[in-house]
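> Structure for the following, please:
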Amino acid sequence: MKFSTVYLIYPENRAMERSIAGTVSLFDEEMAAAGEPDTRIAVADNFLFTRGNFEPHRFSSKIFENMSEALEAALAGAPDADIDRTREPAIWADTQNKLGNILAAMGQQRWDEALFERAIHCFEKALEVYSQESTPQEWAITQFNLATANQALGGLQESARPFKDAIDAYTNALMVWTKEAATESWMLTMHQLGNTLHAHGKLLKGNRQFQKSVVAYKNALSVLDADNYALELTATHNNRAVVLHHEAESEDNPERLEEAIRSYEKALTVSMEQQLPIHLAVLCRVNKATAQLALAELTKNIGLAEEMVDEFEVIIECFSHALQPLCLRHCQEQMKKAKTMTLVSSES
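Predicted structure coming up:
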């Protein structure tokens, strides 16, 4: 079946940011300065937190290629930069982790399967050194990195195998990161597990994965609050709603759509109250209106369809500056669909 177009929000990948920060510190001041994002001109980025799990927020992607080349040279035994696995296994494995995250960030930027596959290989190499018994935290971080790279590769390839590998790796990380002992890491992993299960479910067109995804998001929500985790809370409510939305469409289930609408509303409320970037609130509002129109179609509710004509018109007229181009086109198409529903009803 064809699922509605709705928009996910991706929290910051803290493991990736740490990898970049740790690598930048190895270079001279000129290279480090080149890695700083250009903030001299304030330009709204309507794609912020929507590009995927490997979007850098604190560093410029301009230096990624130089960074990856330097790390690869060190791992290959270049003079003055030799990192030997036998003599320094922990440093060698940590370098593999850093390189994997940078390659994955490049892979997302370039939409390149080969770079994601190289990143996965790096994380697998690191896991040859780390173990759950001797280095549990490093092992869990690497499992998380491996899972996130596989999740991205699965989406790019539209292939089930990487999604399965991602689910297994996130599950491994949760063997170390428990809710009680590592609450933040547990929450972020639960969120990513929810993302992966949803993507896998869309590919399989199966509700079992959707249901598991909803549970994973619900687990994440159990430890989130708006004061400390406004973005993560907004993203989890929104992304949980997306899964409920698609599950409802696969079942022709109006009650599930109503639940999705309530979850979108929570995401919108948190985003507005915590003053997150305006485009995130607009995306939540677009998602909510899309679900409401789907509900109107499913229940033959012409009154609701008429409301959605007005809602999409307001979004287009008042918030076009905060919409991505494809999202603006989506809103225009949804408004047209809502108008068609009302016209057909009046003619009959």
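
> ends of stretch 168-184, how far apart?
Taking CA to CA, to the nearest Å, the first and last residues of stretch 168-184 lie 20 Å apart.

> For the residue lying closest to Leu203 once chain neighbours are set aside, which residues are in contact?
Counting by CB to CB, 6 or more residues apart in numbering, the nearest residue to Leu203 once its immediate chain neighbours are dropped is Ala160, at 5.8 Å. Placement of C-beta: from N, CA and C, glycine included. Counting by CB atoms under 8 Å, 6 or more residues apart in numbering, Ala160 touches 154, 200, 203-204.

> can we see that at 7 Å?
Going by CB atoms under 7 Å, 6 or more residues apart in numbering, Ala160 touches 200, 203-204.

> quick one: it and Met106, what's the gap?
25 Å (CB to CB, to the nearest Å).

> circling back to that earlier point, just the buried ones out of the contacts of Ala160, please.
200, 203 (16 or more other CB atoms under 10 Å).

> which one among the contacts of Ala160 gets closest to Thr178?
Closest approach between the contacts of Ala160 and Thr178, by CB to CB: His200, at 23.9 Å.

> Once you drop chain neighbours, what's closest to that closest one?
Distance criterion CB to CB, 6+ apart; nearest residue to His200, sequence neighbours excluded, is Phe163 at 3.9 Å.

> For the one you found, grab phi and psi.
Main-chain torsions, Phe163, degrees, to the nearest 10: phi -60, psi -40.

> ok, which stretches of the stretch 1-150 of the chain are helices?
14-24, 29-34, 64-75, 89-110, 113-126, 136-157 (DSSP state H, counting those that start in this stretch).

> Tell me which of the ones you listed approaches Glu55 most closely.
helix 89-110 (7.0 Å).

> Contacts for the closest one next, please.
With CB under 7 Å, 6+ apart, helix 89-110 has contacts from 15-16, 19-20, 22-23, 51-52, 54-56, 61, 64, 67-68, 71-72, 74-75, 83-85, 115-116, 118-119, 122-123, 125-126, 129-130, 142, 145, 149, 152.

> quick check: angle from it to helix 14-24?
110 degrees (axes from the mean of the first three to the mean of the last three CA atoms, to 10 degrees).

> For helix 89-110, output the C-alpha coordinates as CSV.
Extracted in CSV, the C-alpha atoms of helix 89-110 (Å, rounded to 0.1, in the frame of the first residue of the first chain):
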residue,chain,number,x,y,z
PRO,A,89,44.1,-2.0,20.8
ALA,A,90,41.9,0.5,22.7
ILE,A,91,43.2,3.5,20.7
TRP,A,92,42.9,1.5,17.5
ALA,A,93,39.3,0.6,18.2
ASP,A,94,38.4,4.1,19.2
THR,A,95,40.0,5.4,15.9
GLN,A,96,37.8,2.9,14.0
ASN,A,97,34.8,4.3,15.7
LYS,A,98,35.7,7.9,14.9
LEU,A,99,36.4,7.0,11.3
GLY,A,100,33.1,5.1,11.0
ASN,A,101,31.0,8.0,12.2
ILE,A,102,32.8,10.5,9.9
LEU,A,103,32.4,8.1,6.9
ALA,A,104,28.7,7.7,7.8
ALA,A,105,28.3,11.5,7.9
MET,A,106,29.9,11.7,4.5
GLY,A,107,27.6,8.9,3.3
GLN,A,108,24.5,10.8,4.4
GLN,A,109,25.7,14.0,2.8
ARG,A,110,26.5,12.3,-0.5
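
> average pLDDT for that helix?
The average pLDDT within helix 89-110 is 96.
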